[in-house]
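> Whatever this is, show me its structure:
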Amino acid sequence: MSGGTQSEGSQPSAAPVKPASTSCRKKNSGSTSFVTELRDHFHEFVHASMDDHRTCLTNTVKKMFAMSKAVAERSNEAGAESVLSLQTEVSG
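Modelled structure (predicted):
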């Protein structure tokens, strides 16, 4: 019963599976033009696997939280405390 399914053990493509990249964007040399870099970046984005997109998004969110945590710690060390007092008034 092959009904359009692949045989066991065969892979859908002959291309080797590459590991998820550690960086979202490959670094280009400074000698390329803006349009060339834009085209290359778009090409990388379109042809990236879903795992690459997920890894990139996860890393970006982690970096954002790490940066905000570092800024908060630096602010606390400097003695700058940002506290907003909550004033509630009931009129009536």
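> got the buried residues for the helix of greatest length in the chain?
Using DSSP state H to assign secondary structure, the helix with the most residues in the chain is helix 50-77. Judged by neighbour count (16 or more other C-beta atoms under 10 Å), helix 50-77 contains these buried residues: 52, 55-56. For every residue, glycine as well, the C-beta is placed using N, CA and C.
> can you put these in a markdown table and add pLDDT and distance to F34?
As requested, those are arranged in a markdown table below (pLDDT from 0 to 100; distance: C-beta to C-beta, whole Å):
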| residue | pLDDT | distance to F34 |
| --- | --- | --- |
| D52 | 92 | 24 |
| T55 | 93 | 26 |
| C56 | 92 | 22 |
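> Quickly name whichever of the residues you listed is closest to R74.
R74 lies nearest to C56 out of these, by C-beta to C-beta, at 26.8 Å.
> What residue, apart from its backbone neighbours, is nearest that closest one spatially?
Nearest non-adjacent residue to C56, counting by C-beta to C-beta, 6 or more residues apart in numbering: C24, 3.7 Å away.
> count of neighbours near the one you found?
16 (other C-beta atoms under 10 Å).
> looking at it, it is touching T60, isn't it?
Yes - at 6.8 Å, C24 counts as touching T60 under the criterion of C-beta atoms under 8 Å.
> Okay then, goodbye and thanks.
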